[in-house]
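Undergrad: return a 3D structure for these sequence lines:
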Amino acid sequence: MDLGALKPGNAAAAGDIIKDGTSASFSKDVIEASRQALVLVDFWAAWCGPCKQLTPIIEKVVKSYNGKVRLVKINTDEHPAIAGQLRIQSLPTVYAFRDGRPLDGFMGAQPESAVRQFIERLLGADEEADLAAVIEAAEAALEAGDLQGAAEAFAAILQADPENVQAIAGLARCYLKSGDVERAEQTLGLVPPDKLSSAPVQSARAALDLAKLADKSDNSAELEQRLAADPADHQTRFDLAVALAARGKKEEALDHLLELVRRDRNWNEEAARKQLVQLFDAWGPKDESTLDGRRRLSSILFR
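TA: Numbering: from 1, shown residues only. Just a heads-up that it's a prediction; the model follows:
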């Protein structure tokens, strides 16, 4: 997965990928640059035989990442201050910096395979953190009503990872909130079969099912009349709650379903409780109606 396209300023000019560093330029070349890419610092000296073995290897590997990784070479004889601050004990020593701080390092000459494995491990950790940050931002945009911003972020994630269920579900929710039920359903069709039971997908599927009911649930007035005539008609109360939920009347739907649980929680194999759970999934865990409904349901079930 390559999330570089989601992070601004990640590209590096050819001259920035590998450079000779100094004590004066260390802050710019390493600390600041590491906020945009993984930066390796190679501490070496002209008299060091293993350094001469490592340098061409590490340069070759760094160049192969096309700017995702940068290399700064510090001659410790000419610039001893940084090596002293980092307590470099032997040469060569390589430190990896990310977000302004050292992450890990190694000492001594290493084969190309070991250097590449070292970089891959650190890049993998970076990408997981980047992915989590992008998803969090996309979810925040969706919650704030910025459908275009959220959709663009989710779509960018899917370009890097087409099977990411959080992004698939998030994009489907964007379509649902914009009223495009058909595209939402098409988007959920991208979920791999082995991930259909994941929580984000189940939540988006519940929201989709609820949206589909909206076009069919225009008989709430009739249902209200029937319920007023017979408050013990559980099926009518249930149907009315579903109709109200489909129309976005969350509180009214909650009231009827909770009343049904209160009257007969085992009716129709706990249909009211199961419908409440589906609504909570559709609305999302942070929705005020979900929080209120869960609290009220618990007070009924565990009193």
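Undergrad: hang on, residue 267 in a strand?
TA: No - counting by DSSP: H, G, I helix; E, B strand; the rest coil, one finds residue 267 to be coil, located in no strand.
Undergrad: from residue 302, how far off is it?
TA: 19 Å (C-beta to C-beta, to the nearest Å). C-beta: built from backbone N, CA, C; applies to glycine.
Undergrad: in terms of neighbours, single out the busier of those two.
TA: residue 267 (16 against 6; other C-beta atoms under 10 Å).
Undergrad: nearest residue to that one in space, please, no chain neighbours.
TA: Nearest non-adjacent residue to residue 267, counting by C-beta to C-beta, 6 or more residues apart in numbering: residue 234, 5.1 Å away.
Undergrad: spit out the contact partners of that neighbour.
TA: Going by C-beta atoms under 8 Å, 6 or more residues apart in numbering, residue 234 touches 260, 263, 264, 267, 268.
Undergrad: what's the one helix or strand residue 133 maps to packed up against?
TA: Counting by DSSP states H and E, the element that carries residue 133 is helix 112-143. Helices and strands touching helix 112-143, by 3 or more C-beta pairs under 8 Å, 6 or more residues apart in numbering; DSSP states H and E, are strand 38-44, helix 49-63, strand 93-98, strand 101-107, helix 147-160, helix 165-177.
Undergrad: quick check: angle from that helix to strand 101-107?
TA: Here helix 112-143 runs at an angle of 160 degrees relative to strand 101-107 (axes from the mean of the first three to the mean of the last three C-alpha atoms, to 10 degrees).
Undergrad: and helix 112-143, which residues are buried?
TA: Residues 115-116, 118-119, 122-123, 126-127, 130-131, 134-135, 138-139, 141-142 are the ones in helix 112-143 that count as buried (16 or more other C-beta atoms under 10 Å).
Undergrad: for the residue lying closest to residue 119 once chain neighbours are set aside, give me the pLDDT.
TA: Setting aside the residues directly before and after it, residue 119 is nearest to residue 69 in space (C-beta to C-beta, 6+ apart), at 5.8 Å. For residue 69, the model assigns a pLDDT of 93.
Undergrad: what score does the residue of the chain most remote from its centre have for pLDDT?
TA: For the chain, the residue at maximal distance from the C-alpha centroid (C-alpha atoms, centre = their mean) is residue 229, at 49.7 Å. Predicted confidence (pLDDT) for residue 229: 96.
Undergrad: could you check how far it is from residue 236?
TA: 9 Å.
Undergrad: got any ranges where the stretch 151-300 of the chain has weak pLDDT?
TA: 214-218 (pLDDT under 70).
Undergrad: what is the neighbour count of residue 145?
TA: 9.
Undergrad: could you do residue 93 as well?
TA: When neighbours are counted by other C-beta under 10 Å, residue 93 comes out with 22.
Undergrad: same deal with the one 3 residues further on?
TA: Summarising burial for residue 96: neighbours were counted as other C-beta under 10 Å, giving 21.
Undergrad: and it, how far from residue 104?
TA: 5 Å.
Undergrad: what touches both of those two?
TA: 118, 122.
Undergrad: so which helix or strand takes in residue 19?
TA: Going by DSSP H and E, residue 19 is in strand 18-21.
Undergrad: any buried residues in stretch 293-303, and which?
TA: For stretch 293-303, by 16+ other C-beta under 10 Å, it's 293, 296, 297.
Undergrad: so which of those belong to helices?
TA: Among these, the residues falling in helices (DSSP state H) are 293, 296, 297.
Undergrad: dump the residue contacts of residue 31.
TA: Residue 31 neighbours (C-beta under 8 Å, 6+ apart): 97, 100.
Undergrad: one more pass at 7 Å, please.
TA: residue 100 (C-beta atoms under 7 Å, 6 or more residues apart in numbering).
Undergrad: may I have the secondary structure class of it?
TA: From three-state DSSP, the assignment for residue 31 is helix.
Undergrad: quick check, residue 71 in a strand?
TA: Yes - counting by three-state DSSP, residue 71 is part of a strand.
Undergrad: look up how far residue 279 lies from it.
TA: For residue 71, the distance to residue 279 - C-beta to C-beta - is 54 Å.
Undergrad: now swap in residue 139 and tell me
TA: 20 Å.
Undergrad: quick check: neighbours of the strand holding residue 19 in the sheet, parallel or antiparallel?
TA: strand 69-75 (parallel) (DSSP bridges).
Undergrad: how distant is the strand it pairs with from the center of its chain?
TA: Offset of strand 69-75 from its chain centre (C-alpha atoms, centre = their mean, to the nearest Å): 31 Å.
Undergrad: check which residues of the helix or strand following it are buried.
TA: Using DSSP H and E, the next helix or strand after strand 69-75 towards the C-terminus is helix 80-85. Going by neighbour count (16+ other C-beta under 10 Å), the buried part of helix 80-85 is 82, 83.
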